[in-house]
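Peer 1: Sequence first, then the predicted structure, then my questions.
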Amino acid sequence: MTMPFVVPRGPELEPATWPAYGLTSLTVVPLVWRRRAPVTVLLAILATSALYKLAVEGPGQPLPYTGLVIVYTIAAQSPPRARLATVLLMTVAVPGSVWINSRTARELTFSLFVFAAAYVFGRLTDARQRAHRMEAERAAARERARIAREMHDILSHAVSLMIVQAEAGPVAVRTAPERAEAAFDVISETGRDAMAQLRRMLGVLREDGEGQEGPSARAPQPGLAELRELLDRVRAGGLDVVYGTDGAVRPLPEATAATVFRIVQESLTNTVRHAAARTAAVQLTYGDDHLEVRVTDDGRGVLVGAGGHGLVGVRERAAAHGGTAVAGPGPDGRGFEVRARIPLAGTRSVTARTRVAR
């Protein structure tokens, strides 16, 4: 704002004075409070600018910088009532200022244009900020849903296996003590695994790392490497599980592998809880551009209300990768089947052999 006082002035013009310097500074200083009381700051700027024009014989400014800044701020941050008051006030103030200064149509057009531009840029900034806030809220909602799915899968699987083993324990104690001991081992191992997964997941949410137990607190989510361990725990609970792969097996991205693990985990959890099945089969079929996950059992088929939230989570996990998931009666209408198809992109084949494991 003081640039006209610094740049050498023509000899025909009056020299800049200290009162002019003071009023120029008073015009700028209110901007410090423009975010707290923008309308008040606008009134203060208009008052000091009018006083400068009327009472001081000082150099003029090529642009009304302070006025443009406060109009932009009000347009970007103030509620509709304050914005409307600003528009009405500037509709009066701008022509009045031009009348005091040059009384030319050229200056009036230019002044109206620059103030309108400042207001429009302020509204565009507000729209962009609101869009960013909405996207942040949607991202937070998606993250909450993801955490809820993870918590559901971890706890539902662990609790279901522990309940099955605990219910079978009293019978095994009387008839086969060695089986009872194995059941208690499964319960403790399942509980420890669930706690480890919960610590791992919650550790990622910590911002300062406080309370983490070493690097394992931020270990990756379980993937295909942990799938056999999952199947072993389910087998220890009394369900005979057959695992096989078909097609050109290749490494998967970490997020995709974690999704496959959770889909298998939730499907087997529903089998253990609801199906009263003897056997189950987990089949991974690698296509050229997709992976199909099938989990079938020989239980009593579809039960009303069985696995409701879990099956919704399976569909959501598949959809997050652009895939699909369906659940219903197994082959020939017997048992139950969960089938998910997940697109694969950029994965490299490492073997073309079919492997079947029990």
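Peer 2: Received it, and whenever you're ready, just let me know what you need.

Peer 1: can you pull out the strands in the stretch 51-200 of the chain?
Peer 2: Shown for the stretch 51-200 of the chain, no strands are assigned by DSSP state E, counting those that start in this stretch.

Peer 1: Going by residue numbers, what spans are helices in it?
Peer 2: Secondary structure of the stretch 51-200 of the chain, counting by DSSP state H, counting those that start in this stretch: helices at 65-77, 80-101, 105-175, 177-205.

Peer 1: rank those helices by pLDDT, which is bottom?
Peer 2: Ranked by mean pLDDT, the helices of the stretch 51-200 of the chain bottom out at helix 177-205, with a mean of 72.

Peer 1: just the angle between it and helix 105-175, please?
Peer 2: Here helix 177-205 runs at an angle of 170 degrees relative to helix 105-175 (axes from the mean of the first three to the mean of the last three CA atoms, to 10 degrees).

Peer 1: For helix 177-205, name the packing helices and strands.
Peer 2: When contacts are defined as 3 or more CB pairs under 8 Å, 6 or more residues apart in numbering; DSSP states H and E, helix 177-205 sits against helix 105-175, helix 227-236. All C-beta atoms are positioned from the backbone trio N, CA, C, and that covers glycine.

Peer 1: still on that earlier bit, looking at the helices of the stretch 51-200 of the chain, which is buried most?
Peer 2: Of all those, helix 65-77 has the most neighbours on average by mean count of other CB atoms under 10 Å, namely a mean of 21.

Peer 1: Work out the gap between that helix and the centre of the chain.
Peer 2: Between the centre of helix 65-77 and the centre of its chain there are 32 Å (CA atoms, centre = their mean, to the nearest Å).

Peer 1: One more: stretch 270-278?
Peer 2: Here stretch 270-278 shows a centroid-to-chain-centroid distance of 35 Å under the convention CA atoms, centre = their mean.

Peer 1: what's the first-to-last distance across that stretch?
Peer 2: 13 Å (CA to CA, to the nearest Å).

Peer 1: could we number from 579 for the rest of this?
Peer 2: With the count now opening at 579, the last piece we talked about shows up as stretch 848-856.

Peer 1: For it, buried residues please.
Peer 2: Across stretch 848-856, burial judged by 16 or more other CB atoms under 10 Å covers 848-853, 855.

Peer 1: about what we covered before: kindly present the helices and strands packed on helix 755-783 as CSV, with separate columns for distance to Gly822.
Peer 2: What follows is those, written out as CSV (distance: least, CB to CB, whole Å):
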stretch, distance to Gly822
helix 683-753, 21
helix 805-814, 11
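
Peer 1: Glu767: which of those is closest?
Peer 2: Closest approach to Glu767 among the helices and strands packed on helix 755-783 (CB to CB): helix 805-814, 6.8 Å.

Peer 1: so what secondary structure elements neighbour that closest one?
Peer 2: Right, helix 805-814 is packed against helix 683-753, helix 755-783, strand 818-825, helix 832-848, strand 857-864 by 3+ CB pairs under 8 Å, 6+ apart.

Peer 1: what's next to that helix, contact-wise?
Peer 2: Contact with helix 805-814 is made by 739, 743, 760, 763-764, 767-768, 771, 800, 819, 821, 838-839, 842-843, 846, 850, 858, 860, 935, as judged by CB atoms under 8 Å, 6 or more residues apart in numbering.

Peer 1: please redo it, this time with the cut-off set to 10 Å
Peer 2: Residues outside helix 805-814 that contact it (CB atoms under 10 Å, 6 or more residues apart in numbering): 735-736, 738-739, 742-743, 760-761, 763-765, 767-768, 771, 800, 817-821, 835, 838-839, 842-843, 846-847, 849-850, 858, 860, 862, 935-936.

Peer 1: For it, buried residues please.
Peer 2: 805, 808-809, 811-814.

Peer 1: Where is pLDDT lowest across those residues?
Peer 2: Across those, the smallest pLDDT goes to Ala814, namely 79.

Peer 1: what sits against Tyr697?
Peer 2: Counting by CB under 10 Å, 6+ apart, Tyr697 has contacts 646, 649-650, 652-654, 661, 664-665, 668.

Peer 1: isn't Leu604 right next to Leu624, touching?
Peer 2: No. Applying CB atoms under 10 Å, one finds Leu604 not in contact with Leu624, separated by 12.0 Å.
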